[in-house]
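Undergrad: Compute the structure for the input listed below.
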Amino acid sequence: MKNFISFYLICTSAITTIAQKNIEIIKDDKIDVLVREQSKIIPPATVPQINGYRIQLFFDTDKKMVDDARIKFISSFPKVETYLIYNAPNYLLKVGNFRTHLEAEKVKISIDKDFPTNYIVKELINLPRID
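TA: Okay, the predicted model is just below:
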């Protein structure tokens, strides 16, 4: 046991001596240029989200059909945001950023004729536009 303690003390003093030495870093100046350029890159914008509602209008495995439904919706409601979400194997078309179920219901009633299978879903939404 005495030998173990002696060995431990010798090792810790040796590690402390090594840790106190100065280290010189040799590098290319291009690294500093790269670091400066990389720091100029703007991270992607994040949008604050709240609990709310969207209307799921349409889903299909064929993206072209979902895009056609999106174009049809935008022509009728240009101010309502649309979201195309891929959830394998389907593409989902969701619309709106509604704070209340009543807001979503008002839009749902007006699109029932063109999109009879739509339904309201509760999820995180982007902050609605103030128009």
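Undergrad: Which residue is the nearest non-sequential neighbour of Pro89?
TA: Thr61 (5.1 Å; Cβ to Cβ, 6 or more residues apart in numbering). C-beta coordinates here come from the backbone N, C-alpha and C atoms, glycine included.
Undergrad: Quick check: phi and psi on the one you found?
TA: phi -80, psi -20 (degrees, to the nearest 10).
Undergrad: Does it touch Asn90 like I think?
TA: Yes - the pair formed by Thr61 and Asn90 meets the contact definition of Cβ atoms under 8 Å, at 5.7 Å.
Undergrad: re earlier: is there a neighbour count for the residue nearest to Pro89? I'd like the number.
TA: Counted with other Cβ atoms under 10 Å, the neighbours of Thr61 add up to 10.
Undergrad: Report the contact partners of it.
TA: Counting by Cβ atoms under 8 Å, 6 or more residues apart in numbering, Thr61 touches 89-91.
Undergrad: would you turn those residues into TSV with pLDDT and distance to Val47?
TA: TSV is the format used below for the contacts of Thr61 (pLDDT from 0 to 100; distance: Cβ to Cβ, whole Å):
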residue	pLDDT	distance to Val47
Pro89	91	27
Asn90	92	24
Tyr91	94	21
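Undergrad: Just the residues you listed: which are in strands?
TA: Judged by DSSP state E, strands contain the following of the contacts of Thr61: 90-91.
Undergrad: For PyMOL, write a command that selects the buried ones of the contacts of Thr61.
TA: Here is the PyMOL command that selects the buried residues among the contacts of Thr61 (16 or more other Cβ atoms under 10 Å):
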select buried, resi 91
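Undergrad: quick one: which of the contacts of Thr61 is nearest Lys72?
TA: Nearest to Lys72 among the contacts of Thr61 is Tyr91, at 14.9 Å by Cβ to Cβ.
Undergrad: Work out for me the element the nearest residue to that closest one once chain neighbours are set aside sits within.
TA: Distance criterion Cβ to Cβ, 6+ apart; nearest residue to Tyr91, sequence neighbours excluded, is Val66 at 4.3 Å. Per DSSP states H and E: Val66 is located in helix 63-76.
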